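S.K.: Structure for this input, please:
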Amino acid sequence: MTYRKRWYVLGSAAIVFAVIGIALPGLQHSNCGGNSSALAACKGYVVVLQLWADEHDGERFDYEHVDDATRQRLRTLPGVDWISPARLLAKIDDVRVDSAAERHIIMVCDRPFDNVPQRMFGRAPLTHAVAYSTGETGLISTDEFARLDLGEFVPLIPSPE
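M.R.: The predicted structure is shown next:
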């Protein structure tokens with residue numbers, strides 16, 4: 001092999017490795033699972049509470065009085081399978097979703113993720129997905145999560161033991 005061909009092959013290989021090195025982290029960074037799924041589960045919780053209110057003349061949600069169909073809906077919220085081993089912590093007693101209500105958190109994912117918002121380069125800061133009493137969902141910082149009083153929250157789906 002001539003000297004020039006050798007440099008051509010080495011240069012081409014270097015370019016290929018550089019492109020792979022730049023592209024591979026972006027390909028590994030997926031928007032599946034993590035906060036995308038946790039936000040879907042939070043929205044699912046809001047929908048279940050809204051369905052409950054519609055079926056029960058606007059009553060406040062109380063887990064002790066729900067039927068089996070509602071319990072099944074709560075066990076099969078969208079996205080739950082994609083956030084394991086995270087837990088969804090929810091208020092399940094005397095809860096109402098009302099867009100005119102005071103905004104407070106009614107569900108939170110206990111594990112922070114960094115895939116939302118998705119960024120072209122780097123990772124987003126770690127955040128926790130939440131559902132609010134107003135029917136909205138969103139993200140809170142790890143500092144805000146640390147300040148939450150989780151005394152009224154229970155694991156919505158018990159972890160397998």
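S.K.: now stretch 36-44: how far from the chain's centre is it?
M.R.: 5 Å (Cα atoms, centre = their mean, to the nearest Å).
S.K.: And the contacts of that stretch?
M.R.: Residues from elsewhere that reach stretch 36-44, judged by Cβ atoms under 8 Å, 6 or more residues apart in numbering: 73, 77-83, 86, 88, 107, 109, 111, 113, 115-116, 128-131, 137, 139. For the C-beta atoms, the positions are set from N, CA and C on the backbone; glycine is no exception.
S.K.: Just the CA atoms from it would do, formatted as PDB, please.
M.R.: Taking Å, rounded to 0.1, in the frame of the first residue of the first chain, the C-alpha atoms of stretch 36-44 are listed here in PDB:
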ATOM      1  CA  SER A  36     -42.400  11.000  29.000                       C
ATOM      2  CA  SER A  37     -44.000   7.900  30.500                       C
ATOM      3  CA  ALA A  38     -44.300   9.400  34.000                       C
ATOM      4  CA  LEU A  39     -46.200  12.400  32.600                       C
ATOM      5  CA  ALA A  40     -48.500  10.000  30.700                       C
ATOM      6  CA  ALA A  41     -49.200   8.100  33.900                       C
ATOM      7  CA  CYS A  42     -49.900  11.400  35.700                       C
ATOM      8  CA  LYS A  43     -52.300  12.400  32.900                       C
ATOM      9  CA  GLY A  44     -53.900   9.000  33.100                       C
END
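S.K.: re the thing from before, inside strands: which ones of the contacts of stretch 36-44?
M.R.: L88, M107, C109, H128, A129, V130, A131, T137, L139 (DSSP state E).
S.K.: Out of those residues, which is nearest to D62?
M.R.: Taking Cβ to Cβ as the measure, D62 lies nearest M107 of the ones in strands among the contacts of stretch 36-44, at 15.5 Å.
S.K.: And for that closest one, the neighbour number?
M.R.: 27 (other Cβ atoms under 10 Å).
S.K.: How about A86?
M.R.: 22.
S.K.: Might you report the residue contacts of the residue lying closest to it once chain neighbours are set aside?
M.R.: Leaving out its chain neighbours, the residue that sits closest to A86 by Cβ to Cβ, 6 or more residues apart in numbering is R111, at 3.4 Å. R111 makes contact with A38, I83, P85, A86, R87, H128, according to Cβ under 8 Å, 6+ apart.
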